[in-house]
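Participant: okay, predicted coordinates and the sequence, questions at the end:
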Amino acid sequence: MDGRLQIFSGNGNRALAEEIAQQLNLPMGRAIVTTFKNGESRIRFEENVRGGDIFIVQSLCHPVNHHIMELALMIQAARGSSAGRITAVIPYYAYARQEKKMSGREPISAKLLAQFLEVAGADRILTVDLHAPAIEGFFNVPVDHLRSIPLLAEHFRRMRLSNLSIVSPDPGGVSRATDFRNRIGGTLAIIAKHRPDVDVVESLEMVGDVDGRTAIIVDDMISTGGTLAQAAHLVMERGAKEVYACAVHGLFAGDAFEQIARSQLKQVVVTNTYPVDGVVHNLGIEVLTVAPMIAEAITRIHKDMSISVMFT
């Protein structure tokens, strides 16, 4: 790619976008990203993007649909302004838990979002820890899927905890927990949960021994915090000495902060793929930055270098 590298940001996670630009030693691209008085999004690039290698950073966080529309309009504006290549950098990909039908008469929302971004004009997608890796297959353009497990594992490695048990909060997360365990050591435990409805967990069972061990629950996202609090309680009931948790995306929806504050968790670690309220530090919640990882991936994409070597 011969075009100059340019970074722009929507309003989904501007602080992370600015940190990525700093890592790249680049100024943030100038653009108007706001709303008209009638609530419609207003987008306008205030600098030349013709022929440029454009990266638009946008976490699809609350209000989700508004930020999706912002991203699509920014992509379309860049396409209409003759950008050379447009990469949508989506640290948190919304609707990722709707990658299949759970019952009849439901949409596959994650697939529709992929099609929407392609129609808008995205040439490439750069994202972090999709809830379901199969979502990559919903796109007809290249998808670079970054993993934060090395970052999370390094945080706990520096803590020098011993006699560890790595806990997957559901069978679908076993590969993630196994990757974490391979990097930090310990045994593996798996929690099976029955979920009768969205964000509702009826019962938990666990396979694996945590008795007398330091348990670390490894997940991809924390939404309401209810499942995490119940998992921590179950682990302590089974004899764990103490329990920590880590997840890539900290959504902290509803009364999540209260759930975590009342739980037996000693520390919760998340990344800044999703903007987190400053109050988290008073609740024992640590926020790690993914900016260096995303900045390196952007550099590699711009220079047509391998992304996979970042995770070997």
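Facilitator: Here it is on my side, so go on.

Participant: please count neighbours and contacts with C-alpha atoms only from this point.
Facilitator: Noted.

Participant: low pLDDT regions in this protein?
Facilitator: 1-2, 194-203, 278-279, 281, 312 (pLDDT under 70).

Participant: strands of that one, start to end?
Facilitator: Assigned by DSSP state E, the strands in the chain fall at 5-9, 31-35, 41-45, 53-57, 85-90, 124-128, 143-146, 164-168, 187-194, 203-207, 214-222, 242-250, 265-271, 285-288.

Participant: in CSV, list the ones you listed along with mean neighbour count and distance to Phe311.
Facilitator: Below are the strands of the chain laid out as CSV (neighbours: other CA atoms under 10 Å; distance: least, CA to CA, whole Å):
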stretch, mean neighbour count, distance to Phe311
strand 5-9, 22, 24
strand 31-35, 15, 33
strand 41-45, 16, 34
strand 53-57, 24, 22
strand 85-90, 24, 18
strand 124-128, 22, 13
strand 143-146, 18, 8
strand 164-168, 27, 20
strand 187-194, 19, 21
strand 203-207, 15, 29
strand 214-222, 25, 17
strand 242-250, 24, 16
strand 265-271, 21, 17
strand 285-288, 19, 17
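
Participant: tabulate those strands (TSV), appending distance to Ala229.
Facilitator: Output for the strands of the chain, formatted as TSV (distance: least, CA to CA, whole Å):
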stretch	distance to Ala229
strand 5-9	34
strand 31-35	38
strand 41-45	38
strand 53-57	32
strand 85-90	28
strand 124-128	24
strand 143-146	27
strand 164-168	13
strand 187-194	13
strand 203-207	11
strand 214-222	10
strand 242-250	10
strand 265-271	7
strand 285-288	14
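
Participant: out of those strands, which is closest to Ile307?
Facilitator: With CA to CA as the criterion, Ile307 lies closest to strand 143-146 of those, at 7.4 Å.

Participant: on that earlier part again, out of the strands of the chain, which comes closest to Gln115?
Facilitator: strand 124-128 (11.9 Å).

Participant: in terms of secondary structure, what does that closest one contact?
Facilitator: strand 85-90, strand 143-146 (3 or more CA pairs under 8 Å, 6 or more residues apart in numbering; DSSP states H and E).

Participant: what does it rub up against?
Facilitator: 86-93, 141-148, 273 (CA atoms under 8 Å, 6 or more residues apart in numbering).

Participant: go through the helix ranked longest in the chain and flag the buried ones.
Facilitator: For the chain, the helix with the greatest residue count under DSSP state H is helix 64-80. Across helix 64-80, burial judged by 16 or more other CA atoms under 10 Å covers 66-79.

Participant: now those residues as TSV including distance to Gly239?
Facilitator: As requested, these are arranged in TSV below (distance: CA to CA, whole Å):
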residue	distance to Gly239
His66	45
His67	44
Ile68	44
Met69	48
Glu70	48
Leu71	47
Ala72	49
Leu73	52
Met74	52
Ile75	52
Gln76	55
Ala77	56
Ala78	56
Arg79	57
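
Participant: farthest-apart pair in these, please.
Facilitator: Within these, two members stand farthest from each other by CA to CA: His66 and Arg79, at 20.0 Å.

Participant: returning to that earlier point: between the buried residues of helix 64-80, which sits nearest Arg50?
Facilitator: Nearest to Arg50 among those is Ala78, at 8.3 Å by CA to CA.
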